[in-house]
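Participant: could you look at this predicted model? Sequence included:
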Amino acid sequence: MEKVLIVIGDASETLDTMYPYYRLQEAGFQPVVTAPEKRRYQMVMHEVKAGWTITKEWEGYTIDCDVPFSEVNEEEYAGIMFSGGRAPEYIRYDKDLVRITKHFFATNKPIASVCHGVEIPAYADCVRGRRMATVPKCKFDLEVCGGTFVDEACVVDGNLVSGRTFHDNGHYLGPWIDLLVKARDGVVVV
């Protein structure tokens with residue numbers, strides 16, 4: 001069974017993380033959770049409540065890291081998913097995560113990103129010239145690093161598939177899973 005990385009940290013968004021985790025299993029892939037170190041992580045739930053102008057956060061489920069960033073051999077994985085929540089703004093500076101991220105862009109393997117997940121490939125200098133969806137408050141992070149913000153539920157730019165928030169899970173994850181299946185079946189994606 002081919003393995004796919006899901007990148008998390010403390011305060012990763014629960015639905016951004018768990019929906020792709022189970023969708024990968026449904027499609028016959030083994031989701032592998034990677035994080036700064038091997039331990040249990042606290043996820044959160046995000047929502048902009050009626051009358052609020054900023055995101056409210058609650059504690060969500062917990063999830064165990066299968067392999068820390070420093071031990072990931074990126075050659076072993078068919079694809080990668082950058083989950084959202086507040087974790088990306090803290091973990092994006094990890095040198096091993098930058099190495100891992102650059103591998104997936106350089107090798108054209110299927111990549112998914114949602115919400116704040118964009119902060120990781122943006123910091124790794126992988127979004128230059130790429131079109132992506134992200135939560136609008138991360139538009140600056142994407143554009144200052146050379147990417148183009150698109151306010152749509154699913155943006156496909158070659159091997160890169162992105163959504164704005166977990167509300168887009170039903171729109172962007174299917175196309176990403178399709179890329180993984182095509183790659184597994186030997187279909188060339190340009």
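Facilitator: Ah, there it is.

Participant: okay, CA-based contacts and neighbour counts for the rest of this
Facilitator: Will do.

Participant: which pLDDT value does the model give Ala124?
Facilitator: pLDDT recorded at Ala124 is 98.

Participant: surely it and Lys102 touch.
Facilitator: Yes. Here Ala124 reaches Lys102: they are 6.7 Å apart, a contact under Cα atoms under 8 Å.

Participant: shaky segments in the protein?
Facilitator: Within the chain, the segments meeting pLDDT under 70 span 188-190.

Participant: tell me which residue is most central in it.
Facilitator: Phe82 (1.5 Å; Cα atoms, centre = their mean).

Participant: let me know whether that residue touches Gly117 as I believe.
Facilitator: Yes. Using Cα under 8 Å, Phe82 makes contact with Gly117 at a distance of 4.7 Å.

Participant: so what does the residue of the chain most remote from its centre look like in phi/psi?
Facilitator: Relative to the centre of the chain, the most outlying C-alpha is that of Gly51, 28.9 Å out, by Cα atoms, centre = their mean. When read as degrees, to the nearest 10, the backbone of Gly51 gives phi 90, psi -10.

Participant: quick one: residues contacting it.
Facilitator: The neighbourhood of Gly51, defined by Cα atoms under 8 Å, 6 or more residues apart in numbering, contains no residues.

Participant: how near is it to Arg23?
Facilitator: Gly51 sits 33 Å away from Arg23, going by Cα to Cα, to the nearest Å.

Participant: before we move on, the earlier item: could you give the bridge partners of the residue nearest to the centre of the chain?
Facilitator: Phe82 forms beta bridges with Val7, Ser113, as assigned by DSSP bridges.

Participant: ditto for Asp64
Facilitator: Under the criterion used (DSSP bridges), Asp64 bridges to Arg40.

Participant: how about it, what does it touch?
Facilitator: Counted by Cα under 8 Å, 6+ apart, Asp64 has contacts Val33, Lys38, Arg39, Arg40, Tyr41.
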